[in-house]
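Novice: What follows is a predicted protein model with its sequence.
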Amino acid sequence: MPWDILLIFFVLGVVVPWRGRKRLQQLLAKPRVEPAERLSLYWSTIAFQWIAVVVVAWRARAHGLTPQQLGLVMPHRFWLALITVFGAAVIVTLQWLNLRRMGRSASPLRGPIQALAERILPQSTAELVPFLALAVTAGLCEEFLYRGFAMAMIARVGLPTGVVILFSSILFGLAHLYQGRAGFVSTMVLGLLFGISRAVLSSLVPVIVWHTGVDVVAGIAGPRYLLVKKDVTRSLS
């Protein structure tokens, strides 16, 4: 595999997890994160992801990866649109119910989840708007990086489809390692679902929409269920 592709995988598998973990540790070390710090986190992450996509797309084109190999196509548009809408409705509903369940849980695991939510989730309309921009960015950029580029490049080596999906899902889970072990596992499982869908449907469109939906719900339902009620109702009303 060419050195530049190996470097990209090193960044995705090592640098991105390290960067996310370090930034979260800095936030958790603070008793309180100011709105300006959350906004800076959102915008810097948006910029980082788009820069990563531009660089990766450049190298993918240089190595001859086609739009079809990257999943940047829409075969059987009617059925693809139907599957996309139905899948989005199911995934968004499950994400909302899961966040509500966690919010009502008395488990000791709720403490770390709430601490994370208090520092990175939007707590006002002024924060929600850029968070939604981040959700769309994550849906587009992360799916291109992990289910588009990564799967196409690993498949080119000649590995079985199952291995391709698993490897890209592990990379995807590592990118969310800042959420802890549970976050890594749940994100990897979601990556497996997205990877299978990408392989079966030969398109990134459904998983982009589903990924965006998951993050949008996190930004809307997360503050409602995971933060202190009085703070949320005052800031998001």
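Specialist: Arrived safely, thanks for sending. Numbers count the residues shown, from 1 in each chain.
Novice: Next, the contact list for the residue sitting nearest the centre point of the chain, please.
Specialist: Centroid-nearest residue in the chain: A138, 5.3 Å away (criterion: CA atoms, centre = their mean). Counting by CB atoms under 8 Å, 6 or more residues apart in numbering, A138 touches 49, 211-212, 215. (Each C-beta comes from the backbone N, C-alpha and C, glycine too.)
Novice: I'd like those residues as JSON lines, with secondary structure and pLDDT appended.
Specialist: JSON lines is the format used below for the contacts of A138 (DSSP: H, G, I helix; E, B strand; the rest coil; pLDDT from 0 to 100):
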{"residue": "Q49", "secondary structure": "helix", "pLDDT": "97"}
{"residue": "H211", "secondary structure": "helix", "pLDDT": "97"}
{"residue": "T212", "secondary structure": "helix", "pLDDT": "97"}
{"residue": "D215", "secondary structure": "helix", "pLDDT": "96"}
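Novice: Closest to L28 out of these?
Specialist: Proximity of these to L28 (CB to CB) peaks at D215, which lies at 20.6 Å.
Novice: how much space is there between the closest one and R38?
Specialist: Using CB to CB, to the nearest Å, we find D215 at a distance of 15 Å from R38.
Novice: Equivalent analysis for L28, please.
Specialist: 13 Å.
Novice: Output the contacting helices and strands for the host helix or strand of G87.
Specialist: Secondary-structure element containing G87, defined by DSSP states H and E: helix 77-104. Other helices and strands packing on helix 77-104, by 3 or more CB pairs under 8 Å, 6 or more residues apart in numbering; DSSP states H and E, are helix 180-201, helix 205-226.
Novice: now the protein, which segments are flagged as low pLDDT?
Specialist: For the chain, the stretches flagged by pLDDT under 70 are 109, 228-237.
Novice: what about 90?
Specialist: 1, 20, 23-25, 27-28, 30-32, 75-76, 102-117, 177-183, 226-237 (pLDDT under 90).
Novice: after the helix holding G87 comes which helix or strand?
Specialist: helix 110-120.
Novice: tell me the angle of that next one relative to helix 205-226?
Specialist: 110 degrees (axes from the mean of the first three to the mean of the last three CA atoms, to 10 degrees).
Novice: before we move on, back to that, between L28 and R38, what contacts are shared?
Specialist: The contact sets of L28 and R38 overlap at R119 (CB under 8 Å, 6+ apart).
Novice: which parts of the helix holding G87 are buried?
Specialist: 80, 83-84, 87-88, 91-92, 95-96, 98-99, 102-103 (16 or more other CB atoms under 10 Å).
Novice: do stretch 135-146 as well
Specialist: For stretch 135-146, by 16+ other CB under 10 Å, it's 135, 137-146.
Novice: Stretch 29-45 too?
Specialist: By 16+ other CB under 10 Å, the buried positions in stretch 29-45 come out as 33, 38-39, 41-42, 45.
Novice: same check, this time on stretch 62-79
Specialist: Neighbour-count burial for stretch 62-79 [16+ other CB under 10 Å]: 65, 69-71.
Novice: what about that stretch, start to end distance?
Specialist: 32 Å (CA to CA, to the nearest Å).
Novice: So what's the gap between that stretch and the chain middle?
Specialist: 21 Å (CA atoms, centre = their mean, to the nearest Å).
Novice: what's it in contact with?
Specialist: Against stretch 62-79 from outside (CB under 8 Å, 6+ apart): 2, 4-5, 60, 80, 144, 147-149, 151-153, 155-156, 198, 201-205.
Novice: for stretch 191-201, same thing?
Specialist: Residues outside stretch 191-201 that contact it (CB under 8 Å, 6+ apart) are 71, 75, 80, 83, 87, 143, 146-148, 151, 161, 164-166, 168-173, 204, 206-207, 210-211.
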